[in-house]
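Trainee: generate a structure from the sequence data that follows.
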Amino acid sequence: MQWQFDGYSVDTDIDKLDIECIHQFLDKESTWANGISKPLVEKSIRNSINFGLYRDFHMVGYARVITDKATFANMVDVFVMREEQGKGLSHYLMQAIDAHPDLQNIRRFTLATWTAKFLYEKYGFTELNNPSSMMERYFPNIYQENNND
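Mentor: Next comes the predicted model:
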């Protein structure tokens, strides 16, 4: 699927993704996936709905959604390249995610963010309805501590 926005496009075609760009950003620039291996990034891409953000066929942003396409979805790995930030491009990603037919009528759609609550609130995301019902197993340094190929 593809959406057009003011000279940019968002596309879900996995073959168009710049895997090297995604890996480089996650491994070196993200705060959540520092140290992740390229094979693990490739595996995560194969098992998700991917949203590449492009300008003139050059990847400038990315997001992926892990989902069963029926009841649950979790948005992860959202980024816009530094040189493209401040242009509202994250809204293009969110509009495409919101419009994707496999993500309609999802009962629980989650994400984790420390820096962009203001963005996601515009798309209906809120604090957890019942935080005490949520649990997690969280290993923030797993990519630095393990060989994750």
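
Trainee: next, give phi and psi for the spatially most central residue of the chain.
Mentor: Residue closest to the mean C-alpha point of the chain, counted by C-alpha atoms, centre = their mean, is residue 63 at 2.5 Å. Backbone torsions of residue 63, given as degrees, to the nearest 10, read phi -150, psi 150.

Trainee: what's the weakest-modelled helix or strand in the chain?
Mentor: helix 142-145 (a mean of 80; mean pLDDT, DSSP states H and E).

Trainee: for that one, packing partners?
Mentor: Judged by 3 or more C-beta pairs under 8 Å, 6 or more residues apart in numbering; DSSP states H and E, helix 142-145 is in contact with no other helix or strand. (Glycine included, C-beta is placed from N, CA and C.)

Trainee: and for that helix, what's in contact with it?
Mentor: Helix 142-145 has contacts (C-beta atoms under 8 Å, 6 or more residues apart in numbering) with 33, 34, 35, 36, 37, 40, 139, 148.

Trainee: and the residue nearest to the centre of the chain, how far from residue 145?
Mentor: 26 Å (C-beta to C-beta, to the nearest Å).

Trainee: over to residue 39?
Mentor: For residue 39 relative to residue 145 (C-beta to C-beta), the value is 17 Å.

Trainee: in stretch 6-17, which residues are buried?
Mentor: 8, 9, 10, 11, 12, 17 (16 or more other C-beta atoms under 10 Å).

Trainee: what's the fourth one in contact with, if anything?
Mentor: Applying C-beta under 8 Å, 6+ apart, one finds that residue 11 lies in contact with 1, 2, 3, 51, 52, 54.

Trainee: that's a strand at the fifth one, yeah?
Mentor: Just to be clear, that refers to residue 52. Yes: looking at residue 52 with DSSP: H, G, I helix; E, B strand; the rest coil, it is inside a strand.

Trainee: okay, now it: neighbour count?
Mentor: 24 (other C-beta atoms under 10 Å).

Trainee: and for the first one?
Mentor: Using other C-beta under 10 Å, residue 1 is surrounded by 13 other residues.

Trainee: do the last one as well
Mentor: The criterion is other C-beta under 10 Å. On that basis, residue 54 has 19 neighbouring residues.

Trainee: fine, thanks again, bye for now.
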